[in-house]
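A.B. asks: Sequence first, then the predicted structure:
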Amino acid sequence: MNDFKPGDLDFVDTTLRDGPHSLWAQKVTTPMMLPVCETLDEAGFRALEVMGSGNFKKCIRDLKEDPWRKIDALAARIRRTRMAFVMLPSVTTFDITPPAVLRLYVERLAAHGMRRMHLMESANDMGNRIPEMIDTMRQVGMESVIALVYSISPKHSDEYYARKAGEAAALKPDVIYLKDPAGLLTPERTRTVVPAILSRAGAVPVEIHSHCTTGLAPLCYLEAIRLGIKVVHTGIPPLANGAAQPSVFNIAKNASLLGFHPTVKLDCLPEVSAHFNAIAKREGYSAGAPLEYDVSQYLHHVPGGVISHLRHQITQLGMGERLPEVLEEVARVRVEFGYPIMVTPFSQFVASQAALNVMLGERYRQVSDEVIQFALGWWGAEAADGMEPEVKQKILDSARAKEIAAKRPPVPTLAEVRERLGGAGLSDDELLLRFISPEGEIAAMRAAGEPKPYSATRNSLLELVKELAKRKDLRVIHVRSGETSITLRGRVVG
């Protein structure tokens, strides 16, 4: 336990992306983010994870924000630190994107200021679009980071992860990271899987990213650090813990006690924490908190965000009390599907199919188009190869499956996509927005106007006075609101 060599420990911050995704259903607007961007930029993080492909649709449909303008606003304030984007080899995460559109998406993200890409293939199939995406990132000057998505099953052994690390390293990315979306890592498994990955990663640096779903992630991080991991992904409370990443304060403190040297400037981060705590209080959002150990997570593997969505869906159908039954069915479906890793989009495929099986009272009586595509191998040959033959055959024997199988995913050129969505005059950014969302949602977003400034506190008058007091070119400040009147006098500093 003491055969480690202390050294510097770097941090990737997930407060602006994975924290809101895991804890607040992505309900963080651009004006909520902007006040802390410069502080985060100056804190010395290795990178700031700020957005993912799933955020685009959320921005347009629910937040009524233009995602391109959101990235521009963040990039205007984050100048020193790499901004990181998270994505699958898909623009919307639930569609099979034409290669030309995928390439344009990466190019435009780079043009708007993204400097680092966290790329995840849900089955760890390094041949499924990953090489082409790495080439595009290299061409546009993006730092490429390939995920090794962690899971537990008879096939997800240490030898499997060593092999996958070798396949990833052969693509010459800038970084490999062990991604544990369901928080399934244990300290014991960390001690074997991390050395297996490091043994085949060669000169490519390896980072770790886990969720606190079972309460074990902070312990796993410390084990990984002892074993040679030099970069960890953390969040800032209240957007840490719970279903999100460990707290930067906790990991930095414990790593310091072990003799390591955190490179992040912790003294400026309480300001960020206070800002988001005020938002949580004002909006009624729950703060991330350490969770009790839960064995059920190791049975169904469903990430916390997917469970919340599943609970909402079946409650709307009057089946809320049957969630435990659905989660039991999730475990059965996962085995029959060949142990897919429970991460987007596979976790949604499996959970939705389990809910259908329970709802209809007959297993596989009805299946979604996405499950048919999964069985056909459209989401990667590795993902479909392990399916139980009887279940796969039952799915593919349906009339709908035969209809889908006859339509192989089209591979249109960019010109063809542009013509379908609006014609030659369509800008690249607009083309991508229309590919992701219906024009009606985009029109509603634009009709909503610019995002309104956001004050994390209810006392906006106090905030105004504080901001005016910082000005050095004002001799007298007089503010009146209703019956409240404040006058401040001072010297002009010239």
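C.D. replies: Sure, I can see it. Numbers count the residues shown, from 1 in each chain.
A.B. asks: show me where the stretch 51-200 of the chain has strands.
C.D. replies: Here the stretch 51-200 of the chain has its strands, by DSSP state E, counting those that start in this stretch, at 82-87, 116-119, 143-149, 175-180.
A.B. asks: And the stretch 251-400 of the chain, by the same measure?
C.D. replies: 261-262.
A.B. asks: where does it dip in pLDDT?
C.D. replies: 305 (pLDDT under 70).
A.B. asks: Do a quick rundown of the helices in the stretch 151-300 of the chain.
C.D. replies: Counting by DSSP state H, counting those that start in this stretch, the stretch 151-300 of the chain has helices at residues 158-170, 187-201, 217-227, 248-257, 269-283, 297-300.
A.B. asks: Other residues contacting the third one?
C.D. replies: The one in question is helix 217-227. 1, 4, 9, 178, 180, 183, 185-187, 190-191, 194-195, 198, 208, 210-212, 229, 232, 245-247, 250-251, 254-255, 258, 260 (C-beta atoms under 8 Å, 6 or more residues apart in numbering). The C-beta positions use only the backbone N, C-alpha and C, and glycine is treated the same way.
A.B. asks: How about the last one?
C.D. replies: Counting by C-beta under 8 Å, 6+ apart, helix 297-300 makes contact with 152, 182-184, 213-214, 327-328, 330-331, 334, 342, all of which sit outside it.
A.B. asks: quick one: it to chain centroid distance?
C.D. replies: 21 Å (C-alpha atoms, centre = their mean, to the nearest Å).
A.B. asks: What residues of that helix count as buried?
C.D. replies: With burial defined by 16 or more other C-beta atoms under 10 Å, the residues of helix 297-300 counted as buried are 297, 300.
A.B. asks: cool, and stretch 223-236?
C.D. replies: 223-227, 229-236.
A.B. asks: For the residues you listed, work out which two are farthest apart.
C.D. replies: L227 and I236 (25.3 Å; C-beta to C-beta).
A.B. asks: count of neighbours near the closest residue to D174 other than its chain neighbours?
C.D. replies: The spatially closest residue to D174, leaving aside those adjacent along the chain, is E143, at 4.6 Å (C-beta to C-beta, 6 or more residues apart in numbering). E143 is flanked by 18 other residues according to other C-beta atoms under 10 Å.
A.B. asks: same question, K394
C.D. replies: Neighbour tally, K394, other C-beta under 10 Å: 17.
A.B. asks: what's around the residue nearest to it when sequence neighbours are not counted, how many residues?
C.D. replies: Among residues not flanking K394 along the chain, Y364 sits closest, at 5.3 Å (C-beta to C-beta, 6+ apart). Y364 sits with 17 neighbouring residues when counted by other C-beta under 10 Å.
A.B. asks: isn't Y364 right up against N357?
C.D. replies: Yes. Between Y364 and N357 there is a contact at 6.7 Å, judged by C-beta atoms under 8 Å.
A.B. asks: Could you list the domains of the chain?
C.D. replies: 8-283, 299-405, 460-489 (automatic domain parsing).
A.B. asks: What segments of the stretch 1-150 of the chain are helices?
C.D. replies: Going by DSSP H, counting those that start in this stretch, the stretch 1-150 of the chain shows helices at 18-23, 30-42, 53-58, 67-77, 99-111, 130-140.
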